[in-house]
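# fold the following, please.
(chains A and B)
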Amino acid sequence: MQRFSSPKHFFEMSAKLIPWFAVSALLLGVYGFYMGLFVAPTDYQQGESYRIIFVHVPAAWMSLFIYVVMAISAAIGLIWQIRLADTIAAASAPIGAWFTFLALVTGSLWGKPMWGTYWVWDARLTSELILLFLYFGYMALQSAIEDQRTADKASGLLAIVGVVNIPIIHYSVEWWNTLHQGATVAKFDKPSMHIDMLIPLLVLAVAAKLFYATMVLVRARNEVLYRDRNRRWVRELIEKL
Amino acid sequence: MNGSEFNWSEFLHMGGYAVFVWTSYGLTLLMVVVNIVSPIIERKRVIARVKRAIKREALREQNKS
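Numbering: from 1, shown residues only, chains lettered A, B, ... in the order given. Model (predicted):
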């Protein structure tokens, strides 16, 4: 475990993994967008506007998924003092924030034609906005605190406490009256969606996860270089560049 | 109209929702591009910073001797 979580080992391993993740993300992404825009039928209620679902829902799922990964990594870093886990958490935050932003904006662009408004202060939208602020808070603590260990502890604690928001977002459409529609895919009986709509949605959800896997490794490599900038292995590596 | 040919203008029109649909897809593309470019720039910055530090320390060593 010590060896596998050493930053130097991570740096070598990630270089091998990145191209695989990147290529599969690209292939699935192109296939998913092709299916979503050209093959999936028109929705009988929402017309063509429903096609926003293919970017909105994967982005919203990623905003939650990345937050959970970030909080678990931060917890591992806090409890077992594994520095690489803190690095993964720090590298996840900006990507998660971007996906959250995208989920909010595309949701708003879908809300205007369907609900007649870009924004309402209901439970789903508000809790998703709070998620964006949790990411911002994590990033602010990371950059504001000079000492890296202290920064990891403070931001990690925020990430862990913020996990309470995740079930709130998920169940918000059941617990409160809301304009936002309920779950159509993640429920126990059969998803209430046409198969030609469901396939591109799921393909794009996987593509988004692979994109995150690629980018979190790329960002974590930068983070590792920066954090170990005074160590010999980084010095030797950079002198060769 | 040729039935077998794909109707691009109808496709781009998106049943009247073109602004909402294409803005959403455009922002998604922008988000992907920004997320690819920004870590590449960051990597260059980190490497330049470490190189400067190495130079500075080498200079200090020289001045000592």
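# interface residues of chain A facing chain B?
For chain A, the residues in contact with chain B (C-beta under 8 Å from any C-beta of the partner chain) are A:33, A:37-38, A:42, A:47-49, A:51-52, A:55-56, A:59, A:94-95, A:98-99, A:101-102, A:105-106, A:109-110, A:112-113, A:211, A:215, A:218-219, A:221-222, A:225-226, A:229-230, A:234-235, A:238-239, A:241. In this view, the C-beta of every residue, glycine as well, is placed from N, C-alpha and C.
# buried ones among those?
Among the residues of chain A next to chain B, the ones that count as buried by 16 or more other C-beta atoms under 10 Å in any protein chain shown are A:33, A:37, A:48-49, A:51-52, A:55-56, A:59, A:94-95, A:98-99, A:101-102, A:105-106, A:109-110, A:112-113, A:211, A:215, A:218-219, A:221-222, A:225-226, A:229, A:234-235, A:238.
# residue A:19: what's it in contact with?
Counting by C-beta atoms under 8 Å, 6 or more residues apart in numbering or on different chains, residue A:19 makes contact with nothing.
# check which helix or strand it maps to.
Using DSSP states H and E, residue A:19 sits in helix A:7-34.
# against which helices or strands is the helix or strand immediately after that helix in the chain packed?
Next helix or strand after helix A:7-34 toward the C-terminus (DSSP H and E): helix A:53-80. Helices and strands touching helix A:53-80, as assessed by 3 or more C-beta pairs under 8 Å, 6 or more residues apart in numbering or on different chains; DSSP states H and E, comprise helix A:83-115, helix A:123-144, helix A:148-161, helix A:165-175, helix A:195-227, helix B:18-64.
# make it 10 Å
Counting contacts by 3 or more C-beta pairs under 10 Å, 6 or more residues apart in numbering or on different chains; DSSP states H and E, helix A:53-80 is packed against helix A:7-34, helix A:83-115, helix A:123-144, helix A:148-161, helix A:165-175, helix A:195-227, helix B:18-64.
# can the last one be found next to chain A?
What it means is helix B:18-64. Yes - for helix B:18-64 and chain A, the contact criterion (C-beta under 10 Å from any C-beta of the partner chain) is met by B:18-32, B:34-36, B:38-51, B:53-54, B:57.
# which helices and strands sit right next to that helix?
Checked by 3+ C-beta pairs under 10 Å, 6+ apart, helix B:18-64 has helix A:7-34, helix A:53-80, helix A:83-115, helix A:195-227, helix A:232-240, helix B:8-13 packed alongside it.
# quick one: low-confidence residue ranges for the chain.
You didn't say which chain, so I picked chain A. Low-confidence segments of chain A, defined by pLDDT under 70: A:1-4, A:185-191.
# chain B was what I was after
Residues of chain B meeting the criterion pLDDT under 70: B:1-4.
# ok, now which ones touch residue 49?
You didn't pick a chain, so chain A it is. By C-beta atoms under 10 Å, 6 or more residues apart in numbering or on different chains, the contact list for residue A:49 reads A:42-43, A:109-110, A:112-114, B:14-18, B:20-21, B:24.
# I was thinking of chain B, sorry if that wasn't clear
A:225, A:226, A:229, A:238.
# may I ask which helix or strand encompasses residue A:193?
Using DSSP H and E, residue A:193 sits in no helix or strand.
# distance check, it against residue A:143.
41 Å (C-beta to C-beta, to the nearest Å).
# swap in residue A:235?
Plainly put, residue A:235 is 24 Å away from residue A:143 if you go by C-beta to C-beta.
# again with residue A:54
For residue A:54, the distance to residue A:143 - C-beta to C-beta - is 34 Å.
# which one's more surrounded, the two?
Shown here are residue A:54 and residue A:143; by other C-beta atoms under 10 Å in any protein chain shown, residue A:54 has more neighbours (26 against 11).
# nothing else from me, thank you.
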